[in-house]
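**Student:** below are the sequence and a predicted model for it; my questions follow.
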Amino acid sequence: LKFIQLSGLKFIFPIFMGHSIWKSDKKSGNKGDKVDKSMKKRMHDEKQPCEEAVISIISHLVMNTCIKQSNIDMTDGTGFDLELNTGNNIQLLCRNRLLNKFIENDGEKIDRCTELFVKYYQQLQKSDEELRNLRFQLLQLEDEVGLEELDDVELLYAKRLTGGLLQLQELAIILIFVCNVSTTTATTNSNNNSNTNSNNNSNSNSNSNSNTNANSNTTNSNINMNIMQSKLAIDNLSMSDVLDIVRETIAHISDGTDIDIDESDDEDEDSDLPYAIDMKNDRKLYTYIQSKKRDLLINWSSALSKNM
């Protein structure tokens, strides 16, 4: 949240839109050509890593603005109080600012997000095809060790993540966020407007205003989804493909029931040291947040599937 409060969005979204972070020095006289060439090479080498990093940052901002973390007592690793979509005013403002970035300028960032989704979807397809070809070659060579590695679910999933699945998952989270949170944000704002107007208007008028605002926001959400649908359709994709990626993401997120804290750690002589306590608390907090992330994505995907 602090990143958004400190105007960090204006630095990462130009990179997200594909604009260069490097600028050539045109005032360098005779050295201008050499500088330009070196800059072009640097831009080419670092464009992909920067793009992937920014996608990851925005995806994490989405989660951090939608999952509230408050009143966490880390003295004993308990007292977790995380709520979904019920953040305080600061969290709500940050969520609105993030959402507005995608809506502004006729939804150009939604276009960019779907464009990147198509790019990494095609990249993943190529990676999966390479894995299938590798498996066929190993079968011909009767390489049992290699086949055993490919049959390992976790190793195969890791290979697919590096083949573009990770960025695809993060982009799917961003897209489903834009489709769902526009309605949620609007409903919250309409409730605030209703409470403000209740001092001056009758209850019937305030309820009418609230319903009108909520319906308007639902329309905005549908407009955002229509923009995505039309952009994805160009490459024979649809929002169903986005939902499939989200569901695959959900399948690999802990539901919080498998928190594995080794109780024998408490018997170790070093278990009371500050770093040992921090490690156990960090593991509990991370797993708990992951479970909340899973619940949030399940809610979003269910809501989106009903609107499709």
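**Tutor:** Perfect, I can see it now. Residues are numbered from 1 along each chain as shown.

**Student:** quick one: low-confidence parts of the stretch 1-150 of the chain?
**Tutor:** Across the stretch 1-150 of the chain, the ranges flagged by pLDDT under 70 are 20-45, 68-88.

**Student:** quick one, helices of it?
**Tutor:** Remark: helices assigned in the stretch 1-150 of the chain by DSSP state H, counting those that start in this stretch are 2-5, 9-16, 32-66, 89-141, 144-151.

**Student:** what sits up against stretch 236-247?
**Tutor:** Outside stretch 236-247, the residues that touch it by Cβ atoms under 8 Å, 6 or more residues apart in numbering are 117-118, 121, 165, 168-169, 172-173, 175-176, 179, 225, 228-229, 232, 297, 300-301, 304-305, 308. For every residue, glycine as well, the C-beta is placed using N, CA and C.

**Student:** if you set the cut-off to 7 Å instead, what comes out?
**Tutor:** 117-118, 121, 168-169, 172-173, 175-176, 225, 228-229, 232, 297, 301, 304-305, 308 (Cβ atoms under 7 Å, 6 or more residues apart in numbering).

**Student:** select only the buried ones of these in PyMOL?
**Tutor:** Remark: buried members of these, expressed as a PyMOL selection using 16 or more other Cβ atoms under 10 Å:
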select buried, resi 117+118+121+168+169+172+173+175+176+225+228+229+232+297+301+304
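
**Student:** out of the contacts of stretch 236-247, which sit inside helices?
**Tutor:** Of the positions in the contacts of stretch 236-247, 117-118, 121, 168-169, 172-173, 175-176, 225, 228-229, 232, 297, 301, 304-305 sit in helices, assigned by DSSP state H.

**Student:** and the pLDDT at residue 222?
**Tutor:** In the prediction, the pLDDT value recorded for residue 222 is 70.

**Student:** and it, what element?
**Tutor:** helix 203-233 (DSSP states H and E).

**Student:** how is the nearest residue to residue 122 once chain neighbours are set aside assigned, secondary-structure-wise?
**Tutor:** The shortest distance from residue 122 to any non-neighbouring residue, by Cβ to Cβ, 6 or more residues apart in numbering, is to residue 235 (7.6 Å). Judged by DSSP: H, G, I helix; E, B strand; the rest coil, the three-state class of residue 235 is coil.

**Student:** and residue 235, backbone torsions?
**Tutor:** phi -110, psi 30 (degrees, to the nearest 10).

**Student:** per-residue pLDDT, it?
**Tutor:** 87.

**Student:** and it, how far from residue 307?
**Tutor:** As judged by Cβ to Cβ, to the nearest Å, residue 235 and residue 307 stand 22 Å apart.

**Student:** where in the stretch 151-300 of the chain is pLDDT low?
**Tutor:** For the stretch 151-300 of the chain (pLDDT under 70), the answer is 182-221, 223, 254-282.

**Student:** again, only this time at 90
**Tutor:** Low-confidence segments of the stretch 151-300 of the chain, defined by pLDDT under 90, span residues 151-156, 179-235, 252-293.

**Student:** returning to that earlier point: next structured bit after the helix holding residue 222?
**Tutor:** Next helix or strand after helix 203-233 toward the C-terminus (DSSP H and E): helix 239-251.

**Student:** how much does that next one deviate in direction from helix 89-141?
**Tutor:** Relative orientation of helix 239-251 versus helix 89-141 (axes from the mean of the first three to the mean of the last three Cα atoms, to 10 degrees): 90 degrees.

**Student:** need the residues that contact stretch 134-145.
**Tutor:** Outside stretch 134-145, the residues that reach it (Cβ under 7 Å, 6+ apart) are 146-147, 150.

**Student:** what count of nearby residues applies to residue 90?
**Tutor:** Per other Cβ atoms under 10 Å, the neighbour tally for residue 90 reads 13.

**Student:** was I right about it contacting residue 64?
**Tutor:** No. Between residue 90 and residue 64 there is no contact under Cβ atoms under 7 Å: 11.7 Å.

**Student:** what sits in contact with each of those two?
**Tutor:** Residues touching both residue 90 and residue 64 (Cβ under 7 Å, 6+ apart): residue 1.

**Student:** separation between residue 97 and residue 104?
**Tutor:** Taking Cβ to Cβ, one finds residue 97 at 11 Å from residue 104.
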